[in-house]
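> This is the structure alone, sequence omitted:
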């Protein structure tokens, strides 16, 4: 297997991550519906990875990483372990192993009783037309948001064109009417930071890495816009091929939209 270094080297001058990030992760781990299920599959690619049991499959973004030698030794122990044991990797110092932990967490969470199936772009158009919209993450709907929003603000840990300077983040967040936060903020350890600064806004946590946990509502999210795998065999093959999400979803993934008002 190809190997690469997984040391997470954030850009300089980042705002301080929240001291509540650790407690948020602990609460998410404690919210698992089926923590004792045994892991039977682990599939890796630079785009996504999956953790599966006999009953479910969870996804997480890989953020471009594959395991180095030390991380591979940890992976050798994943199959046969419980979802709870592997989900605890979300607390690890390795960004790659945190991705494994997030996939295990997602495998151990059930769909809510009441949910919709709208995509994130559809939700943002419904709620954000003519408003100030903040976005954390790289999404295909961002150009569309620029068309219908009064203002679109990008918050990125990496230096990318169009992103706001980091010394403007908190003032800009205070002006947001709508905030879309990628679920991978749990991997970069900034989810609590974003949620704390956007409690006044309609906050949507977006993407297939997003856990279906009411804990995110308690911490400030209003809507979770994520997905569940309904055809693990086909989706697993797609993950192994390194397919992007727009292709994976055609293989057997269902959008799941859950609002705090429906919990």
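Arrived safely, thanks for sending. Everything numeric in this text was worked out from a predicted model, so none of it was measured.
> Point out where the protein drops to low pLDDT.
1-13, 263 (pLDDT under 70).
> Any idea what residue 163 is bridged to?
Judged by DSSP bridges, the bridge partners of residue 163 are residue 154.
> where along the stretch 101-250 of the chain do the strands fall?
For the stretch 101-250 of the chain, strands defined by DSSP state E, counting those that start in this stretch occupy the ranges 132-136, 151-154, 178-182, 202-206, 223-229.
> Residue 256 is in contact with residue 230, isn't it?
No: the criterion here is Cβ atoms under 8 Å, and residue 256 misses it with residue 230 at 10.3 Å. All C-beta spots, glycine's among them, are computed from the backbone N, C-alpha and C.
> Of those two, which one has the most company?
residue 256 (19 against 12; other Cβ atoms under 10 Å).
> would that one count as being in a helix?
No: with DSSP: H, G, I helix; E, B strand; the rest coil as the criterion, residue 256 is strand rather than part of a helix.
> Against residue 51, how distant is it?
18 Å (Cβ to Cβ, to the nearest Å).
> How far does stretch 103-117 stretch from one end to the other?
With Cα to Cα, to the nearest Å applied, stretch 103-117 spans 21 Å between its terminal residues.
> what's the answer for stretch 58-77, then?
18 Å.
> Also stretch 202-215?
For stretch 202-215, by Cα to Cα, the gap between its terminal residues amounts to 16 Å.
> May I have the residues that are in contact with the nearest residue to residue 243 once chain neighbours are set aside?
Using Cβ to Cβ, 6 or more residues apart in numbering and skipping residues adjacent in sequence, the residue nearest residue 243 is residue 47, 7.1 Å away. For residue 47, the contacting residues are 61-62, 64, 239, 242-245, by Cβ atoms under 8 Å, 6 or more residues apart in numbering.
> try 10 Å
Shown in contact with residue 47 (Cβ atoms under 10 Å, 6 or more residues apart in numbering): 61-64, 238-239, 241-245, 247-248.
> Residue 74: neighbouring residues, count only.
Residue 74, neighbours per other Cβ under 10 Å, totals 16.
> Looks like it contacts residue 97 (just checking).
Yes: applying Cβ atoms under 10 Å as the test, residue 74 and residue 97 come out as touching, 6.1 Å apart.
> Mutual contacts of the two, please.
What both residue 74 and residue 97 touch, as defined by Cβ under 10 Å, 6+ apart, is the set 67, 86, 89.
> which of those has the most neighbours?
Using other Cβ under 10 Å as the neighbour criterion, residue 86 leads the shared contacts of residue 74 and residue 97 with 26 neighbours.
> about what we covered before: filter the shared contacts of residue 74 and residue 97 down to just the ones in helices.
Among the shared contacts of residue 74 and residue 97, DSSP state H puts residue 86 in helices.
> Tabulate the shared contacts of residue 74 and residue 97 (JSON lines), appending distance to residue 175.
Formatted as JSON lines, the shared contacts of residue 74 and residue 97 follow (distance: Cβ to Cβ, whole Å):
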{"residue": "67", "distance to residue 175": "41"}
{"residue": "86", "distance to residue 175": "40"}
{"residue": "89", "distance to residue 175": "36"}
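> Quickly name whichever of the shared contacts of residue 74 and residue 97 is closest to residue 140.
Nearest to residue 140 out of the shared contacts of residue 74 and residue 97 is residue 67 (Cβ to Cβ; 27.9 Å).
> Please report the distance of the closest one from residue 134.
33 Å.
> Break this structure into its domains for me.
21-107, 120-227+254-262 (automatic domain parsing).
> out of those domains, which comes closest to residue 15?
Ranking the domains of the chain by proximity to residue 15 (Cβ to Cβ) places domain 120-227+254-262 first, at 5.9 Å.
> what's the spacing between residue 54 and residue 37?
Using Cβ to Cβ, residue 54 is found at 7 Å from residue 37.
> quick one on the thing from earlier: now the residue nearest to residue 243: phi and psi?
Main-chain dihedrals, residue 47, degrees, to the nearest 10: phi -90, psi -50.
> Fine by me, thanks again.
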